[in-house]
Every structure is written in structure tokens, then in C-alpha cells.
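[1] Starting from these lines, generate the structure:
(4 chains)
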Protein chains: 2
Amino acid sequence: MVKAADRAKDPARSSVWLEKRAARSGGGPAGLDRDRIVSTSIRMLDEEGLAKLSMRKLATELGVTAMSLYWYVDTKDDIIEFAMDSVYGEVDLAAVDAAGDWQERIRVLALEYRGMLVRHGWMSPTVGQYLNIGPNAIAFGRKIHEAIRDTGLSLDRQPSAMSAVFQFVYGYGTIESQFSRRAAEAGMSQDEFYVEAVKAFRDDPEFEKQAEGMKEILDERATHGSVTAVWDRDFAYALDVLVAGIEVMVAREAEAARDAEK
Amino acid sequence: MVKAADRAKDPARSSVWLEKRAARSGGGPAGLDRDRIVSTSIRMLDEEGLAKLSMRKLATELGVTAMSLYWYVDTKDDIIEFAMDSVYGEVDLAAVDAAGDWQERIRVLALEYRGMLVRHGWMSPTVGQYLNIGPNAIAFGRKIHEAIRDTGLSLDRQPSAMSAVFQFVYGYGTIESQFSRRAAEAGMSQDEFYVEAVKAFRDDPEFEKQAEGMKEILDERATHGSVTAVWDRDFAYALDVLVAGIEVMVAREAEAARDAEK
DNA sequence: GACTGTTCTCGTACACCGTACAAGGATCCT
DNA sequence: AGGATCCTTGTACGGTGTACGAGAACAGTC
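    Numbering: from 1, shown residues only, chains lettered A, B, ... in the order given. As a prediction, the model looks like this:
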């Protein structure tokens, strides 16, 4: 029997999902199994971050040797890809269907996506690095696709509109999880960390030079509650901008169609 | 004299830029110097990617030992941060000033940013991972800030609008550079790679199930020239969406102000 | 119950990584 | 010429992902 490690060492293989092969069942003495490996990985990634996860540590956590993992998985990357898709599975697709018009569905999808990125800070870098073509990622992508389709935008515009929204969410979620990671590393709450950062910024002798208009914004933000509240507000507003932009484009298309009819 | 390595080993230090210290001049026998280190790093990063850059390889390229680099730099991360800021310096800020209204300035900034991310594929992951507070990054940020200010949006909305645009650009540039990296790794042109990817997708037995509306989009895109042309088109359109969205918000604020006056 | 083949686990080893540390060569100032 | 300072190097440590082969645990057959 071929070992997992012998499969698919083809350097052109770019994703586990392109190498369809049944998961190894865990009948062995160590009670290992792919699901257990993946869920433990996710827990460790959430707790310690991407950089801290090593095969040896993961194996130790599972009460096993590093090399044992390679029976269930070809490479460490595979584990990451499985973990990612599992996280995509957290998205509540039923909530999307329950939402009303396309505007609302886009909002729900964006919130779900953002929540996922923030809950699992290690996802941002990996989303940008791996093909996201696991079953859950694809199911999520389909829902996005459906929502955008229902805008009524012409076919050639749909991918653009879609990326405008979801690339934004990706970037926003990345920054947000970044910030919370840094706060955690500094051992502060996000609010404390924000205060510190602003103070450091204001104390910088360069600040006056480039402060034009900055000061006012910083002051304004200080009066609006916690950091997370401001983030929620900003995110919702940016979504409004995007939805409004799409609505404008839809209206323009409709207008152009009317003109053509005349 | 303290060695570079002894400075700032404080784990709370989160960026080179927070550790203001003059650069070491390169009067030594190896003719080394921080600029040479950074520019060589950028070249190697462009050619080989982030994962392939190691201190030993970089040193070899410079005709020197790995440990020599540590005279000019505290850690490998510092080199990355210097390289990043140097790349931020490529942005043509004069072109931004030459542009007309805020709409046009936002477009120019977005194009510059996107170009930077695509030219240097290793930037996307690092932008998401480091504080971007080098001089060039800050100068770039200021220009963005100024453009957004000139929309006339109220202070508390400006950061949202800004992030809607530039988080989108970040996400878009990330995907794009991702794609071109994968094509290069597979030894294909981007067009060839696209054809292969679509074929693999269509051949997938799952395809029919989830194909609703996909087929048409894929076909449509095949008729619109090269992959890069489609990307340019999509990017421009998404920017239109964003600009239109901001215009709507500006108009709504103006309207609300008029109503309040009455 | 013994035998055999498959399914798992492990110990060892390799090449590579970032970098701490201390020794020493090169250069400049006095 | 001597000493201080600047720069480069060799060696070593503890980490990484994972290739390879030995062997333990189990299932099925006689």
C-alpha cells in the first residue's frame, strides 16, 4: 500500500482538493483520524496563531509522533487547507437564504465572512495563499454568486461587483484581526491598545507635520464608544457605500436599456 | 559599541520604524550597506517569492556571510519591513496631485496601489502582517486621506469610505498577484493557465450541479481578450461602483443637511 | 491458534532555517 | 605604534518539514 506521503508529490499539485482520495479512517491504535487532526489544528491555530503551529506540536497535542500525521495527510499545507475549509463551514448559509432582497443577502454574507476572518485570525494570510476550493468554500462562493446574480446586473459585470464587495470584506477583516492579534500580544484589551497607539502617534515629533485633518478624526472616534463598536459602525457604513454603488450601476444599466429601446 | 542584534530585542517592539536609529554606513571591507541589502532583497523577493528568501541566500547573493547582515539589521523581519517601505516609494504621488477631482485622484491611487501589489507579489502577505508605518507608506496614506477628505463626507464617515476603496484594492491585488504567481509556477502564461483552470473546472463531475449561471460567465469572459485585459476591465468597473457609492453617500449627507436647515 | 497481509505508528536522520556569541581582521585616530 | 571602533566571520543551538525503513497492531483466512 502506498503511504500518504507518496501520493501526489507532484510539485504542480496546488491543492488537496485536486487530489481526490478517500480520507484514511482512524482504526489505528492511536485513535487518530483526519477529523481529529483538523479540529485540533483549528483549536491550536486559534490559540497560538499560524506561525506557532508545527507538526511536532500538533502531534504532541494529539499524543502521537509527528510522523504519524503523515499517514493521514501529505504535507502540513494539507492540514491548513482542511482547517480552512472546515472554518468556511461555520458560515450560516441558512441565514443567507432567510434574508430578503439581494441587498440584505449581501450584507449577511459580508457579515458572516468578516466574522469568520476575525474569529480565526490565521485565516486571512491563508485565504490569500491557497486556492479556496474545498466543498464549504465553494458552497459559500455559490451563495455569493446567487446574491450578485439577483442584482440583475449584466453577466460581464457580476464578477466585478462581487469582488468589489468581498475583496473589501477580506481586507477589512484582515486589518481587524491583525489589530486584535497585536492587542492580545501586547496583553491589552483592544480599547487599551487603541489608546496606546494613538498616544504613541501623537507623541511622534513628526505628527504635527502630517496631522492635518487627522487630529479631528482621532478625536471624533474617541467619542464613539469601544473600538469594536466603531469597527462595526465603519463596516456597516462601508457596506452601505458598496450596496449604493451597485444600485447606481443597476439603475444605469436599466436606463441604457431604455434608451436603446427608443 | 552595541551590535545591531542587541538593540530592541524587546518582544513588544512591533516595527523597525518604532526603533529610530541611524542606518549603519557601509564603510566596511565587504562594501555592504543597508540600501544594498534592501534592494537585493527586493530583487530576490520579486524573483523567488517570500518563502524562498533566507538570510543565508541573501548573504550569498551579496558575497557575504549570513551573520554579516545582522550588523545592519536586527532581524529578518526588519529587512522585509525596509523592503516594503522601499516598494511603497514606487508609488507616483506626483501623478496623484496632477489628477483632477477626488474621483480621479482615488482612481489613480487605487491603480498605483494595485500595480505595486501585482509587481511585487510578496507584498500582499506582508502588508497584512506588518505595521505599515515607514515614511513612504505614510506619505502614501496621507495622499489617500487627502483624497477622501475632499469628498466632503463628514469626518466620522471618511475612514469607512477610505477602507471601502483601499481594502478592496488590497484584496483585488492580492488575488491577481496570486494568480500570476501560480501561472508562473506552472510555467504557463496567464492566458494558458486560465484556459487550463477553466477546463479542469468544467471536467469536474460536480460542475453541472453548481454550474447554474457559471457557464455563461465563463463563456462571456472567454470572448473578452486576454486575462489581464479582463482584470483591468473588472478593476475599473469595481472602482466605478465604489466611486458611485461614495457619491451617493455625499448626496445623502447634503440632502440631510438641507432637511435639517428647513 | 497460527499465518499472512494490511493498516498504522514510531525513531532516526537530513537539510534547512533564524540568530546568539565570541573571536578576529580591517580601518581610523592619536 | 597602539588602541579604539567598525565590520565580518565560524561555530553552534534549537527549531522546522518530512523521507525512509522498522516494526507494532489488527483483520481475515486456514
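
[2] So which bits of the stretch 51-200 of chain A are right by chain B?
    A:124-125, A:128-129, A:138, A:142, A:145-146, A:149, A:155-161, A:163-164, A:166-172, A:174-175, A:178, A:182, A:185-186, A:200 (C-beta under 8 Å from any C-beta of the partner chain). No exception for glycine: its C-beta is placed from N, CA and C like everyone else's.

[3] Select only the buried ones of these in ChimeraX?
    Provided next is the ChimeraX selection string for whichever of these are buried by 16 or more other C-beta atoms under 10 Å in any protein chain shown:
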select /A:124,125,128,129,138,142,145,146,149,156,157,158,159,160,161,163,164,166,167,168,169,170,171,172,174,175,178,182
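
[4] so how far is chain B from A:Glu206?
    From A:Glu206 over to chain B the distance is 8 Å, taken as C-beta to the nearest C-beta, to the nearest Å.

[5] And for A:Lys215?
    Distance from A:Lys215 to chain B, counting by C-beta to the nearest C-beta: 10 Å.

[6] separation between A:Asp92 and DNA strand C?
    For A:Asp92, the distance to DNA strand C equals 33 Å [C-beta to the nearest atom of the strand, to the nearest Å].

[7] what's around that residue, how many residues?
    Other residues within reach of A:Asp92, judged by other C-beta atoms under 10 Å in any protein chain shown, total 13.

[8] For A:Glu208, report the pLDDT, please.
    Note on A:Glu208: pLDDT of 73.

[9] what does A:Ile106 give?
    At A:Ile106, pLDDT is 98.

[10] Please apply the same query to A:Ala197.
    We have a pLDDT of 88 for A:Ala197.

[11] For A:Val108, grab the count of nearby residues.
    Counted with other C-beta under 10 Å, A:Val108 comes out at 21.

[12] Out of the residues of the stretch 51-200 of chain A next to chain B, name the ones that lie in strands.
    Taking DSSP state E, every one of those sits outside strands.

[13] starting at the chain centroid, how far to stretch A:17-36?
    Chain-centre distance of stretch A:17-36: 26 Å, with C-alpha atoms, centre = their mean, to the nearest Å.

[14] Check the model's average confidence along that stretch for me.
    79.

[15] tell me which residues in it are buried?
    Neighbour counts over stretch A:17-36 (16+ other C-beta under 10 Å) mark A:17, A:32-34 as buried.

[16] Name the nearest residue to the residue of the stretch 1-150 of chain A found nearest chain B, ignoring sequence neighbours.
    Chain B sits closest to A:Gly128 of the stretch 1-150 of chain A, with a gap of 4.9 Å, by C-beta to the nearest C-beta. Leaving aside its chain neighbours, A:Gly128 sits nearest to B:Thr174 (4.9 Å; criterion: C-beta to C-beta, 6 or more residues apart in numbering or on different chains).

[17] How many neighbouring residues does the closest residue to A:His224 other than its chain neighbours have?
    Leaving aside its sequence neighbours, A:His224 sits nearest to A:Val230 (C-beta to C-beta, 6+ apart; 5.3 Å). Look at A:Val230: counted by other C-beta under 10 Å, it has 19 neighbours.

[18] Can you check what pLDDT the model gives A:Val230?
    96.

[19] can I assume A:Tyr113 is in contact with A:Val165?
    No - checked against C-beta atoms under 8 Å, the pair A:Tyr113 and A:Val165 is beyond contact range at 9.4 Å.

[20] In terms of neighbours, single out the busier of these two.
    Legend: neighbour count by other C-beta under 10 Å for A:Tyr113 and A:Val165, higher for A:Val165 (29 against 22).

[21] roughly how far apart are that one and DNA strand D?
    Going from A:Val165 to DNA strand D by C-beta to the nearest atom of the strand gives 34 Å.

[22] Contacts only, for that residue.
    A:106, A:110, A:148, A:239, A:242, A:246 (C-beta atoms under 8 Å, 6 or more residues apart in numbering or on different chains).

[23] Just the ones in helices from those, please.
    Counted as lying in helices by DSSP state H, out of the contacts of A:Val165, are A:106, A:110, A:148, A:239, A:242, A:246.

[24] Which two of those have the greatest separation?
    Comparing every pair within the ones in helices among the contacts of A:Val165 by C-beta to C-beta identifies A:Ile148 and A:Leu239 as the most remote, at 14.1 Å.

[25] higher neighbour count, the two?
    Neighbours were counted for A:Ile148 and for A:Leu239 using other C-beta under 10 Å; A:Ile148 has more, 26 against 23.

[26] Quick check: the more buried one touching A:Ala161?
    Yes - shown here, A:Ile148 and A:Ala161 form a contact pair, counting by C-beta under 8 Å, at 5.7 Å.

[27] what packs against the lowest-mean-pLDDT helix or strand in chain A?
    Lowest by mean pLDDT, DSSP states H and E among the helices and strands of chain A is helix A:207-210, with a mean of 72. In terms of contacts (3 or more C-beta pairs under 8 Å, 6 or more residues apart in numbering or on different chains; DSSP states H and E), helix A:207-210 is not packed against any helix or strand.

[28] Send over it as CSV, restricted to the C-alpha atoms.
    The C-alpha trace of helix A:207-210 is given here as CSV (Å, rounded to 0.1, in the frame of the first residue of the first chain):
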residue,chain,number,x,y,z
PHE,A,207,2.9,64.2,13.9
GLU,A,208,2.2,67.9,13.7
LYS,A,209,3.6,67.9,10.1
GLN,A,210,1.2,65.3,8.9
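
[29] next helix or strand past it?
    helix A:214-222 (DSSP states H and E).

[30] Show me what counts as buried in that following helix.
    For helix A:214-222, the neighbour count (16+ other C-beta under 10 Å) marks A:220-221 as buried.

[31] Give the rounded mean pLDDT of that helix.
    Helix A:214-222 comes out with an average pLDDT of 85.

[32] Is the residue in chain A that DNA strand C sits nearest to in a helix, a strand, or coil?
    Here chain A gets closest to DNA strand C at one residue, A:Gly28, 2.0 Å apart by C-beta to the nearest atom of the strand. Here A:Gly28 takes the coil state, with states given by DSSP: H, G, I helix; E, B strand; the rest coil.

[33] Would you format the contacts of A:Val165 as TSV with distance to DNA strand D included?
    Shown next, in TSV, are the contacts of A:Val165 (distance: C-beta to the nearest atom of the strand, whole Å):
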residue	distance to DNA strand D
A:Ile106	37
A:Ala110	33
A:Ile148	37
A:Leu239	37
A:Leu242	38
A:Ile246	42
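
[34] So which of these is the closest to A:Val96?
    Using C-beta to C-beta, those come closest to A:Val96 at A:Ile106, 9.2 Å.

[35] that older thread, include secondary structure and distance to A:Ser226 when you put the buried residues of stretch A:17-36 into JSON lines, please.
    Formatted as JSON lines, the buried residues of stretch A:17-36 follow (DSSP: H, G, I helix; E, B strand; the rest coil; distance: C-beta to C-beta, whole Å):
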{"residue": "A:Trp17", "secondary structure": "helix", "distance to A:Ser226": "39"}
{"residue": "A:Leu32", "secondary structure": "coil", "distance to A:Ser226": "43"}
{"residue": "A:Asp33", "secondary structure": "coil", "distance to A:Ser226": "42"}
{"residue": "A:Arg34", "secondary structure": "helix", "distance to A:Ser226": "40"}
